[in-house]
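A.B. asks: quick one, fold the following:
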Amino acid sequence: MGTSQTVPGTFVIESNQFNDEDDERQEGQVLQAMLKLTGRPVLYRYIRTQMELAVILKQFHDSRFRYLHLACHGTGTGIALTMETIHFVSLANLLAPVLNDRRLFISACNSVRHALANPIFKNSSCYSVIGPRGDITFPKAAISWASFYSVMSRKAMNRTKIIQRLDGVCKVFGVRFNAFFPKDGRGHLVVLG
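C.D. replies: Got it, this is the predicted structure:
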């Protein structure tokens, strides 16, 4: 597809636990509102199951948006949707076909790891897989992502600019992020913050 055929917009997919819904802790909705304020194209979808994720990933692909942002809980071996858990191998199999010439941002504790990045890079031309290095609270995640997208709002995202700007955001808010970039069919890790 190439970046010239994609739109520099962010497609947010969110899934939370029932208690998060009850307490209105929906980071994806916060992010959507912030992106709208910056004038950046954004689409938001809320899901609860792997079947819904598969359908919405097709919508992401068809949208031609360049950036996919997943907001959910992480397990260390996968991600937790409202109704089920998806392990890294299955998740990579779902994501890789829609990530050619695109970037993946994941806001989920302990989920941006080699076990996810490597199969994505092996099976797609994804430009990056980025997200929190370990645990992150809802408020810190929401403000960190909103700040990152805000400082990147009018700039083309490339590896150098992402590293510089996200490292600054991480330092300001006291968080650490993993950023994987493809190298020889595997993920090359850069730790930020």
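A.B. asks: only C-alpha atoms, please: export the helix or strand containing Gly187 in PDB.
C.D. replies: Per DSSP states H and E, Gly187 falls inside strand 186-192. The C-alpha trace of strand 186-192 is given here as PDB (Å, rounded to 0.1, in the frame of the first residue of the first chain):
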ATOM      1  CA  ARG A 186      12.600  -9.300  13.500                       C
ATOM      2  CA  GLY A 187      11.900  -6.500  16.000                       C
ATOM      3  CA  HIS A 188      14.800  -4.200  17.000                       C
ATOM      4  CA  LEU A 189      14.000  -2.900  20.500                       C
ATOM      5  CA  VAL A 190      14.500   0.700  21.600                       C
ATOM      6  CA  VAL A 191      13.600   1.500  25.200                       C
ATOM      7  CA  LEU A 192      12.300   5.000  25.800                       C
END
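A.B. asks: secondary structure class for Leu70?
C.D. replies: Of the three states, Leu70 takes strand under DSSP: H, G, I helix; E, B strand; the rest coil.
A.B. asks: and the gap between the residue most central in space within the chain and Leu35?
C.D. replies: In the chain, the residue lying closest to the centroid (C-alpha atoms, centre = their mean) is Phe105, at 1.9 Å. Distance of Phe105 to Leu35, given as C-beta to C-beta, to the nearest Å: 12 Å. C-beta coordinates here come from the backbone N, C-alpha and C atoms, glycine included.
A.B. asks: ok, back up a step: surely the residue nearest to the centre of the chain meets Pro132?
C.D. replies: No: contact between Phe105 and Pro132 fails when scored by C-beta atoms under 8 Å: they sit 10.3 Å apart.
A.B. asks: immediately after the helix or strand of the chain with the lowest mean pLDDT, which helix or strand?
C.D. replies: One helix or strand of the chain scores below all others by mean pLDDT, DSSP states H and E: helix 18-22, with a mean of 66. Once the chain leaves helix 18-22, the next helix or strand it forms, by DSSP H and E, is helix 27-38.
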